[in-house]
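>>> sequence first, then the predicted structure, then my questions.
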Amino acid sequence: MSVDNDAGADDEPLVKIEGLKKHYSTDEGLLDRIIGDPQSVKAVDGVDLEIAEGETLGLVGESGCGKSSLGRTMLGLEEPTDGSVYYDGVDLTELSSSELRDYRKDLQFVFQNPFASLNPRLTVSDIVGEALDVHGLAEGGEREERVEELLETVGLQSSHASRYPHEFSGGQRQRIGIARALAVDPEFIVCDEPVSALDVSVQAQILNLLEDLQEEFGLSYLFIAHDLSVVEHIADRIAVMYLGEIVEVGTTEEIFSPPYHPYTRALLSAIPEPDPLWEGDRIILEGTVPSPINPPSGCKFHTRCPIAHDECAEWNDHPDLEAVGGQHSIACPFHEEIEDEVDAAAD
Ligand SMILES: Nc1ncnc2c1ncn2[C@@H]1O[C@H](COP(=O)(O)OP(=O)(O)OP(=O)(O)O)[C@@H](O)[C@H]1O
C-alpha cells in the first residue's frame, strides 16, 4: 500500500495518460509482406488513467488484453499511436529522444521473467550498475559502493555483486531486477507481472519488498497482473482491462464490492481460493480474448458476457466509463442490473 492513501489526491497526478493508443502493424511478418495487406493490432485502444504520487495502481486482465503494451507505451519504450502520457505535468510524447532521456531515469520497468530479463554474461555489479553508467551517476569506488548498497536494500548481500545471474534463485533474480530499477532513484515503476514467474512461496516476499521500497522511497507503481488476488494486497486502486480498453476502475475495496462490470465479476469469481471480500456466485469465462485485429463491435466483451443485451453489439463504439460513486467507474450501462441478472444466470 502507499505511504499515504490520500497522497497527491488534491494535486496533479504524478502520471496521467489520455486517449492512449498503441496499434501494432502486422506488416513485419513475412506472410503479410507477401500478401501486402498489413493489419492493425489494437493492443491499447484509447485509455485514460491517473496515478498519484505514492500510489499503486493495479492493472488486471487476461493474457493478451494489452497490459504490457500499455505499461511499455507509458514509459516511452514503445511509441504511442495516439494520445498523451503526462509525467509531472509534462507530455512525454511531445519530447525529442534526447529530452526524453532526462526523464527515463525517473521511470523504470521491472520485468515479468527474472530468468530472461538478466543478461547471463554480466555480473550482478554490471547489471545493477549499468544504469548508473548510462546516466553518469557514479563511477569507480562510488559506483561499487552504490551497487552494494542497492543489493542490501533489496535483501541481497553486497558480496553477491561479483556473481552471475545463474547462481541465484528466481526470487533472488527478481530482487536483482528490482535493484537495477532502483539504481537511478526513480519516481515511478511499471512492475509487469513481477511475481507470476515465481514460486508461490516466494511471491509474498517480493510483494512485501515492493511495498517496503514504496514506503522507503515514496515510489508510485503501475502493477500489472492477470490475477486479481495478486493486486488485491498491493494496490490502492485497480483498473480492469479488456481488449485494449479499461472497463472498470476504482479503489481496491470498490472493485471487490458490487456493482461490477460483468468482466470484473468473472475475473473475481475465477480466484481459486474463496476470497473473504467476495460473496458472489462463480461465473466461468468461456473462450479466450478475441483477436485485437478485428475486435467485436460495440462493447468488446459482449461475445463472452453472461448478461449481454442485443444492443451491446450494435453500439457504434464501446460504452464509456460511467461514475457509479466514490472513485468507482464502470463501462457498462447495465451495471445496475448486473447483480440480479448474473445471479440468475449462474443458477
Ligand atoms: N510487437 C508487437 N507486434 C504485434 N503485436 C503485438 C506486439 N506486442 C504485443 N502484440 C499483441 O498485442 C496484444 C496485447 O499484447 P500484450 O502483451 O500487451 O498483452 P498482455 O495483456 O500484457 O498479455 P500477456 O500477459 O500475455 O503479456 C496481443 O494480441 C499481442 O499479440
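Arrived safely.
>>> pLDDT score assigned to the residue in the stretch 151-300 of the chain that the ligand sits nearest to?
For the stretch 151-300 of the chain and the ligand, the shortest gap (C-beta to the nearest ligand atom) falls at Pro292, measuring 4.7 Å. Quick note: C-beta positions are derived from backbone N, CA and C, even for glycine. For Pro292, the pLDDT comes out at 92.
>>> that one and Asp45, how far apart?
Distance of Pro292 to Asp45, computed by C-beta to C-beta, to the nearest Å: 8 Å.
>>> still on that earlier bit, partner residues bridging the nearest residue to the residue of the stretch 151-300 of the chain closest to the ligand once chain neighbours are set aside?
Spatial nearest neighbour of Pro292, excluding adjacent residues (C-beta to C-beta, 6 or more residues apart in numbering): Lys42 at 4.7 Å. Note on Lys42: beta-bridge partners by DSSP bridges are His23.
>>> thought Lys42 was touching Pro290?
No. In this structure Lys42 lies outside contact range of Pro290 using C-beta atoms under 8 Å: 11.0 Å.
>>> need the residues touching each of Pro292 and Asp45.
Listed as contacting both Pro292 and Asp45 by C-beta atoms under 8 Å, 6 or more residues apart in numbering are 66, 243-244.
>>> so where's this protein uncertain?
For the chain, applying pLDDT under 70 flags the ranges 1-10, 27-37, 272-283, 338-347.
>>> mind redoing it with 80?
1-11, 26-38, 114-115, 270-287, 336-347 (pLDDT under 80).
>>> just checking, Ile255 touches Glu248?
Yes. Using C-beta under 8 Å, Ile255 is in contact with Glu248, at 6.7 Å.
>>> and the longest helix seen in the chain, how far out from the chain's middle?
Counting residues, the longest helix found in the chain (DSSP state H) is helix 200-217. Taking C-alpha atoms, centre = their mean, to the nearest Å, one finds the center of helix 200-217 at 16 Å from the center of the full chain.
>>> and the very next helix or strand once past that helix, C-alpha only, in PDB?
Sequence-wise, the next helix or strand downstream of helix 200-217 (DSSP states H and E) is strand 220-225. As requested, the backbone C-alpha atoms of strand 220-225 are provided in PDB (Å, rounded to 0.1, in the frame of the first residue of the first chain):
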ATOM      1  CA  SER A 220       4.500   5.100  -7.400                       C
ATOM      2  CA  TYR A 221       3.700   1.800  -9.100                       C
ATOM      3  CA  LEU A 222       1.700   0.500 -12.100                       C
ATOM      4  CA  PHE A 223       1.400  -3.100 -11.000                       C
ATOM      5  CA  ILE A 224       0.400  -5.400 -13.800                       C
ATOM      6  CA  ALA A 225      -1.100  -8.800 -13.100                       C
END
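>>> wasn't Val190 part of a strand?
Yes. Val190 sits within a strand when classified using DSSP: H, G, I helix; E, B strand; the rest coil.
>>> check contacts around it.
Val190 neighbours (C-beta under 8 Å, 6+ apart): 71-72, 74-75, 107-110, 221-222, 224.
>>> tabulate those in CSV, adding columns for neighbour count.
Formatted as CSV, these follow (neighbours: other C-beta atoms under 10 Å):
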residue, neighbour count
Gly71, 23
Arg72, 17
Met74, 26
Leu75, 23
Leu107, 23
Gln108, 22
Phe109, 21
Val110, 24
Tyr221, 26
Leu222, 26
Ile224, 25
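>>> now, the residues you listed that are in strands?
Among the contacts of Val190, DSSP state E puts 107-110, 221-222, 224 in strands.
>>> what sits in contact with each of Ile255 and Glu248?
With C-beta under 8 Å, 6+ apart, Ile255 and Glu248 have common neighbours 240, 264, 328.
>>> now, which of these sits nearest Asn208?
Val240 (24.5 Å; C-beta to C-beta).
>>> for the closest one, give me its contacts.
Per C-beta under 8 Å, 6+ apart, neighbours of Val240: 60-61, 246-249, 255, 261, 263-264, 267.
>>> once you drop chain neighbours, what's closest to it?
Glu248 (4.4 Å).
>>> that neighbour: which element?
Taking DSSP H and E as the criterion, Glu248 maps to strand 245-251.
>>> for that strand, packing partners?
strand 40-51, strand 237-242, helix 262-269, strand 328-330 (3 or more C-beta pairs under 8 Å, 6 or more residues apart in numbering; DSSP states H and E).
>>> rerun that using 6 Å as the cut-off
When contacts are defined as 3 or more C-beta pairs under 6 Å, 6 or more residues apart in numbering; DSSP states H and E, strand 245-251 sits against strand 237-242, strand 328-330.
>>> okay, the angle between the first one and strand 245-251?
So the one you mean is strand 237-242. Angle of strand 237-242 versus strand 245-251, following axes from the mean of the first three to the mean of the last three C-alpha atoms, to 10 degrees, is 160 degrees.
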